[in-house]
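Chemist: Give me a model of this one.
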Amino acid sequence: AGFPQTGAPASWGRWFRAVDVTAGRGQVVMTGPDASPLVILDRVGEGRVAQILSDQLWLWSRGYDGGGPQAELLRRLAHWLMKEPTLEEEDLVAAVRGEQLHITRRSLTPAPTDQRRFVTVTDPDGSTRNVTLTERNGVATGSATLSGPGVYRLAEGSLQRVIAVGTVNPKEMSDVRATETVLQPVSAATGGAIQWLRDGIPDLRRVEPGRTTSGRGWIGLPERRDYDITGLTRLPLLPAWLMLLLAGGALGMAWWREGR
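Modeler: Numbers count the residues shown, from 1 in each chain. Got it, this is the predicted structure:
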């Protein structure tokens, strides 16, 4: 008889053959009957290993007994082997939502039953605090109130993350009205001009140095006549053999005329 994958949806089809092994290391992420391993992931040095202990994964692609996510399983395994960040099984992520710092810790190793997982947060002023996380199905989440703008550092075991928190009302967003008040002094000091597109796209003109650089409906670009020579190529007017031929012909003509 075949077997369904433990914990898989009922619509997933069965595999009928699997290698009987005992996982001595790594993480078993898919199991069969009696919790026998079907897919094992492991890290070896700087590399990674994914082992599928059955040759009947193709039954999913054929839709046998309802089929299953064969392409998605293989795609995610391949991307995990290539160390795609979003598929890291051990990961620490932080995001700012309003005045709260939301922390997410993914792990295949659950926290001990007599302990709770927590993350150490270092505030911009250097003070530290522990944020307790609530774990569910391998994902632990928690939140902490932000103490102000700056750089926050998070650490949990060997994982560390840094997140920069800006001001809630940055200066560039405090007044988004279109006005020339801020740029007018700079424009006047540099001989520039401010034109509004609502009055039409201004014409661009070349003007002599020292002349007015703007007017009604136009902006002038001073013609500096400054340039840099970035390359020089020399080519002969005529090939050398042709020059010799012409020189010889000219000497012959001169000798012939002189002889007459």
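Chemist: and S187, that one's in a strand?
Modeler: No: applying DSSP: H, G, I helix; E, B strand; the rest coil, one finds S187 to be helix, outside a strand.
Chemist: Quick check on the nearest residue to it once chain neighbours are set aside: phi, psi?
Modeler: By the measure of CB to CB, 6 or more residues apart in numbering, the closest residue to S187 outside its immediate chain neighbours is I194, 5.5 Å from it. Every C-beta, even on glycine, is put in place using the N, C-alpha and C of the backbone. Per-residue torsions, I194: phi -120, psi 120 (degrees, to the nearest 10).
Chemist: what's the average pLDDT for the longest helix anywhere in the chain?
Modeler: In the chain, assigned by DSSP state H, the helix with the most residues is helix 240-259. Average pLDDT, helix 240-259: 88.
Chemist: List of residues touching that helix?
Modeler: L238 (CB atoms under 8 Å, 6 or more residues apart in numbering).
Chemist: which stretches of the protein have low pLDDT?
Modeler: 1-11, 110-115, 167-170, 172-173 (pLDDT under 70).
Chemist: show me where the stretch 1-150 of the chain has strands.
Modeler: Using DSSP state E, counting those that start in this stretch, the strands of the stretch 1-150 of the chain run over residues 27-31, 37-44, 47-52, 91-97, 100-106, 118-122, 128-132, 134-136, 139-145, 150-156.
Chemist: Make a markdown table out of those strands and add distance to L235 and mean neighbour count.
Modeler: Below are the strands of the stretch 1-150 of the chain laid out as a markdown table (distance: least, CB to CB, whole Å; neighbours: other CB atoms under 10 Å):
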| stretch | distance to L235 | mean neighbour count |
| --- | --- | --- |
| strand 27-31 | 69 | 17 |
| strand 37-44 | 62 | 17 |
| strand 47-52 | 57 | 14 |
| strand 91-97 | 63 | 15 |
| strand 100-106 | 67 | 18 |
| strand 118-122 | 67 | 19 |
| strand 128-132 | 72 | 13 |
| strand 134-136 | 76 | 11 |
| strand 139-145 | 71 | 16 |
| strand 150-156 | 60 | 17 |
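Chemist: With distance to T190 added, can I get those strands in JSON lines?
Modeler: Below are the strands of the stretch 1-150 of the chain laid out as JSON lines (distance: least, CB to CB, whole Å):
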{"stretch": "strand 27-31", "distance to T190": "63"}
{"stretch": "strand 37-44", "distance to T190": "58"}
{"stretch": "strand 47-52", "distance to T190": "57"}
{"stretch": "strand 91-97", "distance to T190": "39"}
{"stretch": "strand 100-106", "distance to T190": "43"}
{"stretch": "strand 118-122", "distance to T190": "45"}
{"stretch": "strand 128-132", "distance to T190": "49"}
{"stretch": "strand 134-136", "distance to T190": "58"}
{"stretch": "strand 139-145", "distance to T190": "46"}
{"stretch": "strand 150-156", "distance to T190": "35"}
